[in-house]
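In: just a sequence and a predicted model for now, questions to come.
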Amino acid sequence: MRLRLRAERRLQRLGRIGKAAANQTAHDNERLLHELQVHQIELEMQNEDLRSARAQLEAALKRYTDLYDFSPLAYFTLDRIGTILQTNVAGARLLGLERSHLGHTRLGAFIATHELPGLNAFLGQVFDAQPVPARELHLAGDHAPPRIVSIEATLAPDRLSCNTVVTDITTLKAQQQQLERIAHYDLLTNLPNRIVLADRLQHAMAQCQRRGRSLAVAYLDLDGFKEVNDQYGHKIGDDLLVILAQRMKAALREGDTLARIGGDEFVAVLVDLEHLQDSTPMLVRLLQSASAPVSLSGVTLQVSASIGVTLYPEDPSNADHLLRHADQAMYQAKQAGRNRYRLFGMHESA
């Protein structure tokens, strides 16, 4: 009986110990569960941040891809020998092929053969990390007008490729040439203007000094042109000027210059003369060309020309004074009866 009592007391004692242990275990489990729940929330928050960052990165990548793909500029990624590693829609359009057909094709295959050394030199400088300006190249093929591109490139950070922009500047070059022509040629007659005249006269004077030859400056003013304009209008007058300009230009030799300097005034530079008399045939032909009848809109028109001439280096003046002297001689020709030429400093006309 006493053993049972002792056993029950031990059991009770063990029960109290077990209950305390159970209480401790439950507390530990509760704390562990709390920590796990907090950690789970932290992971969920981190995943949410990662998902947001990923979405922002994907959106940025899409914007970059759209900008790259749909840019009007042609972008190419090239290796050292010019192999096309990547391009955008504009790049494929520029070369006239689908992007899928451009893989591992060399850009040089689309460049005019005579321009390939320039392209190779350009890429060599880029991959050698040298400063290199944009280079103009002609595309291969029978294009009218020839297609011209400008190429710029920067070396990629891995130094294994370069990022290249190729711009079609064909229209720009044509506009530049047009502006250049407008700046140097008369729009109506297509003859050189004062700027080109001054340059060619200076050049011809220098040649005279080197070769021991002479040149003649002939200042020409049309007689009766104002009356044509007044009677028939500026359209007929302009058409007449165009025809006379063509005729007078054809009356000169290759190497001579005929320029329109304004209104109905022209200047001819007759080069490579050995004697004064060498200019006579051209001067006579100029007079004949200006005075020959012209039929326009059912009307026959006829004007003439007064020409003043000075000879260099017999007249040892600079270019401006040569023009001034020829102009003075032209007025003497008008006063002498028109349709003739007068030599500067002389009183006889032909």
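Out: All right, it came through fine. Because the structure is a prediction, the values reported are computed rather than measured. Residues are numbered from 1 along each chain as shown.
In: so where does L119 fall, helix or strand?
Out: In this assignment (DSSP states H and E), L119 forms part of helix 116-127.
In: now the element after that helix, going C-ward?
Out: Next along from helix 116-127, by DSSP H and E: strand 135-138.
In: direction included, what does that following strand pair up with?
Out: strand 148-155 (antiparallel) (DSSP bridges).
In: got the buried residues for the partner strand?
Out: Of all the residues in strand 148-155, those buried under the rule 16 or more other Cβ atoms under 10 Å are I148, V149, S150, I151, E152, A153, L155. C-beta here means a position set from N, CA and C on the backbone, and glycine is covered the same way.
In: cool, and stretch 256-264?
Out: For stretch 256-264, by 16+ other Cβ under 10 Å, it's D256, T257, L258, A259, R260, I261, D264.
In: other SSEs contacting the helix or strand hosting the fifth one?
Out: Secondary structure assignment for R260, by DSSP H and E: strand 257-262. Strand 257-262 is packed against helix 194-211, helix 234-251, strand 265-273, with contacts defined by 3 or more Cβ pairs under 8 Å, 6 or more residues apart in numbering; DSSP states H and E.
In: from the ones you listed, which stretch is densest packed?
Out: strand 265-273 (a mean of 22; mean count of other Cβ atoms under 10 Å).
In: what's the first helix or strand after that strand?
Out: Heading C-terminal from strand 265-273 (DSSP H and E), you reach helix 280-291.
In: relative to strand 257-262, how tilted is that following helix?
Out: When axes from the mean of the first three to the mean of the last three Cα atoms, to 10 degrees is applied, the directions of helix 280-291 and strand 257-262 differ by 40 degrees.
In: quick one: contacts of helix 280-291?
Out: Applying Cβ atoms under 8 Å, 6 or more residues apart in numbering, the contact partners of helix 280-291 are 216, 218, 220, 222, 244, 247-248, 250-253, 256, 268, 270, 302-305, 307, 309, 339-341, 350.
In: can you rerun that using 6 Å?
Out: Contact with helix 280-291 is made by L244, R247, M248, A251, L252, L270, S304, A305, N339, Y341, as judged by Cβ atoms under 6 Å, 6 or more residues apart in numbering.
In: do stretch 90-103 as well
Out: With contacts defined as Cβ under 6 Å, 6+ apart, stretch 90-103 is touched by S71, P72, L73, A74, Y75, F76, I84, T87, F110.
In: now distance to A326 and pLDDT too, for the buried residues of stretch 256-264, in JSON lines please.
Out: As requested, the buried residues of stretch 256-264 are exported to JSON lines (distance: Cβ to Cβ, whole Å; pLDDT from 0 to 100):
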{"residue": "D256", "distance to A326": "15", "pLDDT": "96"}
{"residue": "T257", "distance to A326": "13", "pLDDT": "97"}
{"residue": "L258", "distance to A326": "14", "pLDDT": "97"}
{"residue": "A259", "distance to A326": "12", "pLDDT": "97"}
{"residue": "R260", "distance to A326": "15", "pLDDT": "97"}
{"residue": "I261", "distance to A326": "11", "pLDDT": "95"}
{"residue": "D264", "distance to A326": "16", "pLDDT": "95"}
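In: tell me the one among these nearest to E274.
Out: D256 (14.8 Å; Cβ to Cβ).
In: the residue lying closest to the closest one once chain neighbours are set aside pairs with what?
Out: Counting by Cβ to Cβ, 6 or more residues apart in numbering, L270 is the residue found nearest to D256 once chain neighbours are left out, at 5.2 Å. As for beta bridges, L270 partners with A216 under DSSP bridges.
In: I'd like the average pLDDT over whichever strand or helix holds I41.
Out: Following DSSP H and E, one finds I41 within helix 2-70. The average pLDDT for helix 2-70 rounds to 62.
In: over to stretch 270-279?
Out: Here the average pLDDT along stretch 270-279 is 92.
In: can you give the contact residues for that stretch?
Out: With Cβ under 6 Å, 6+ apart as the criterion, stretch 270-279 contacts A204, R213, S214, L215, A216, G255, D256, M282, L311.
In: now stretch 323-332, how far from the chain's geometric center?
Out: 42 Å (Cα atoms, centre = their mean, to the nearest Å).
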